[in-house]
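Novice: give me a 3D structure for the following:
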Amino acid sequence: AIEADNAGAKIMIATKLRLGDANTMMAEGGIQAADKENDSPAIHFLDAFGGGHYAAKRELLSKLVTEAPEAIRWLNDLGVEFDKSLDGSMITTHGGGTSRKRMHAAKDYSGAEIMRTLRDEVLNREGIFVLDFTSAIELILDENGKAAGAVLMNMETKEIMIARAKTVIIATGGAGRMHYQGFPTSNHYGATADGLVLAYRAGAKLLYADTLQYHPTGAAYPQQIFGALVTEKVRSLGAKLVNSVGEVFMHPLETRDVAAAGIIRECLDKNNGVITENGRAVWLDTPMIEKIHGDGTIEKRIPAMMRMFSKYGIDIRKEPILVYPTLHYQNGGIDIDVNGMTPSVENLFVAGEAVGGIHGRNRLMGNSLLDIIVFGRSAGKTASECAKKVKLGRLTLEHVNLFDVERKNAKIETEITSPKLLPDYRRIKT
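Specialist: From the prediction side, this is the model:
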């Protein structure tokens, strides 16, 4: 939206909750960029390509890593308060699967700090109109099959509205609140994969929709924060994963899929997990951080973690915490080209977690905040340029009827409303 406004476009942001309610707010560990002397975009590419099981679209990943240093500069200039040394240089740390220290952070509030800055920038611009508590429930195409707007619904009054647009950008985030395989999630309340459903019904291709990321360390105790994210930065600072018999059973900074699988295997196959009211878990040895770096490190570097557990009488400086994998990230999503447009639906752009193919089948820590910035800026610039040339045809929802015919031909019968806008946690009495 910021880049589109810079290009002179008229922008409306429709968000089904409040502006800023997003998985970005939950991102804690940092954002990657190869901007130090011993690093390069080429090394960043190799780390991410290998971590994604060599399945990433090379052109997308190349764009991600080469534009990363500029993304950091852009955020810094907007006012994001990254952690810096006394000489003003940015402090960087390792993440799982990284061969260089390239994680830039704002303590362990990185996503919240970036969102605070971007949200303030949007709200201070007259050319960007924000419509809160309003969800897109269907994309609108024109008679030529090009994206031409969306059907919107007010989440409080259920009023239906039509938004006509020359270009459309989907930035609906992840799918954690679908609770695949019954896992808890670190995602925000609105993460229900609705953008993928809308794009697919309109004719867009999905890529790696079967690949989801389970963050290795979700809180397993206490019950009140079950599934909440325990940032990878805790392990970056030196905390070890320890089983019920006191063994450090794996390297703490393996890639997320390897680490999550290792924890699950340790608990279920080897029966070396700690029994909790929610199942089994392993210890994360947080006191080791201050043994390595000295007293005060936890409060200085990961204050959000210290605060989250202290609410329940747990001082992570003095006692370890219990963790187990939590549903965290949607690796797959909507297929795009390097400019962010879907190849099969003209004038439909996608940015953020709703995109598929940037990371392959697994994502490294810090590359999600990065892809939001790199591809969000790109989509804004390209969509605004395209809008200057677009002449809309007659608006239609015929693609919805065609999708319904295909569904019936495939003998798929369901009474579930789609897209799912919010999770349903009501307890049904039987």
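Novice: pLDDT weak spots in this structure?
Specialist: When the per-residue scores of the chain are filtered using pLDDT under 70, the ranges that remain are 428-430.
Novice: not counting its neighbours along the chain, what's nearest Ser378?
Specialist: Once its chain neighbours are removed from consideration, Ser378 has its nearest residue in Gly340; the separation is 5.1 Å (Cβ to Cβ, 6 or more residues apart in numbering). Placement of C-beta: from N, CA and C, glycine included.
Novice: my read is that that neighbour contacts Val350, right?
Specialist: Yes - in this structure, Gly340 sits in contact with Val350. The criterion is Cβ atoms under 8 Å, and the distance is 6.2 Å.
Novice: quick check: neighbours shared by those two?
Specialist: Common contacts of Gly340 and Val350 (Cβ atoms under 8 Å, 6 or more residues apart in numbering): 169, 375, 379.
Novice: so Ile43: helix, strand or coil?
Specialist: Under the three-state scheme (DSSP: H, G, I helix; E, B strand; the rest coil), the conformation of Ile43 reads as helix.
Novice: surely it meets Ser99?
Specialist: Yes - shown here, Ile43 and Ser99 form a contact pair, counting by Cβ under 8 Å, at 6.3 Å.
Novice: more neighbours, the two?
Specialist: For Ile43 against Ser99, the residue with the higher neighbour count under other Cβ atoms under 10 Å is Ile43, and the figures read 16 against 13.
Novice: quick one: contacts for Glu319?
Specialist: Each residue near Glu319 by Cβ under 8 Å, 6+ apart is listed here: 286-287.
Novice: can you classify it by secondary structure?
Specialist: Glu319, by the three-state scheme (three-state DSSP), is coil.
Novice: which phi and psi does Lys63 have?
Specialist: With angles defined as degrees, to the nearest 10, Lys63 shows backbone torsions of phi -60, psi -40.
Novice: and for Ala204?
Specialist: Comment: the main-chain dihedrals of Ala204 come out as phi -80, psi 150, following degrees, to the nearest 10.
Novice: my guess is it contacts Met341, does it?
Specialist: No - at 10.0 Å, Ala204 and Met341 do not qualify as touching, with contact defined as Cβ under 8 Å.
Novice: between these two, which contacts overlap?
Specialist: By Cβ under 8 Å, 6+ apart, the residues touching both Ala204 and Met341 are Leu348.
Novice: and Gly376, what does it touch?
Specialist: Residues near Gly376 by Cβ under 8 Å, 6+ apart: 3, 171, 351-352.
Novice: wait, is it part of a helix?
Specialist: Yes - with three-state DSSP as the criterion, Gly376 is located in a helix.
Novice: ok, Gly340 and Val350, which is more surrounded?
Specialist: Neighbour tally, Gly340 and Val350, criterion other Cβ under 10 Å: the higher count belongs to Val350, 28 against 25.
Novice: could you measure from the more buried one over to Thr217?
Specialist: Look at Val350 and Thr217: by Cβ to Cβ, to the nearest Å, they are 29 Å apart.
Novice: still on that earlier bit, out of the contacts of Gly376, the closest to Leu422 would be?
Specialist: Taking Cβ to Cβ as the measure, Leu422 lies nearest Ala171 of the contacts of Gly376, at 17.6 Å.
Novice: helices of this structure, start to end?
Specialist: Per DSSP state H, the chain has helices spanning 2-6, 41-51, 58-66, 68-78, 110-123, 194-202, 233-236, 256-264, 287-293, 297-301, 303-310, 367-387, 398-409. These are given in chain order.
Novice: JSON lines for those helices, including distance to Gln224?
Specialist: Converted to JSON lines, the helices of the chain look like this (distance: least, Cβ to Cβ, whole Å):
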{"stretch": "helix 2-6", "distance to Gln224": "37"}
{"stretch": "helix 41-51", "distance to Gln224": "32"}
{"stretch": "helix 58-66", "distance to Gln224": "36"}
{"stretch": "helix 68-78", "distance to Gln224": "33"}
{"stretch": "helix 110-123", "distance to Gln224": "20"}
{"stretch": "helix 194-202", "distance to Gln224": "28"}
{"stretch": "helix 233-236", "distance to Gln224": "19"}
{"stretch": "helix 256-264", "distance to Gln224": "21"}
{"stretch": "helix 287-293", "distance to Gln224": "22"}
{"stretch": "helix 297-301", "distance to Gln224": "21"}
{"stretch": "helix 303-310", "distance to Gln224": "10"}
{"stretch": "helix 367-387", "distance to Gln224": "26"}
{"stretch": "helix 398-409", "distance to Gln224": "40"}
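Novice: most packed of the ones you listed?
Specialist: Each of the helices of the chain was given a mean neighbour count from mean count of other Cβ atoms under 10 Å, and the largest, a mean of 26, is that of helix 233-236.
Novice: which residue ranges of the stretch 101-250 of the chain form strands?
Specialist: In chain order, the stretch 101-250 of the chain shows strands spanning 103-104, 128-131, 134-142, 147-154, 160-164, 168-170, 206-207, 212-219, 241-242, with DSSP state E, counting those that start in this stretch as the criterion.
Novice: between the ones you listed, which gets nearest to Gly50?
Specialist: Evaluated with Cβ to Cβ, the strands of the stretch 101-250 of the chain place strand 212-219 nearest to Gly50, the distance being 15.7 Å.
Novice: for the closest one, packing partners?
Specialist: In this structure, strand 212-219 packs against helix 256-264, strand 321-330, with contacts taken as 3 or more Cβ pairs under 8 Å, 6 or more residues apart in numbering; DSSP states H and E.
Novice: let me have those in CSV, adding distance to Ala147 as columns.
Specialist: As requested, the helices and strands packed on strand 212-219 are exported to CSV (distance: least, Cβ to Cβ, whole Å):
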stretch, distance to Ala147
helix 256-264, 33
strand 321-330, 21
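Novice: mind checking how far Gly238 is from Arg301?
Specialist: Taken as Cβ to Cβ, the span from Gly238 to Arg301 is 11 Å.
Novice: anything in contact with each of those two?
Specialist: Taking Cβ under 8 Å, 6+ apart as the criterion, Gly238 and Arg301 both touch 289, 293.
Novice: run through the bridge partners of Leu284.
Specialist: Leu241, Ile321 (DSSP bridges).
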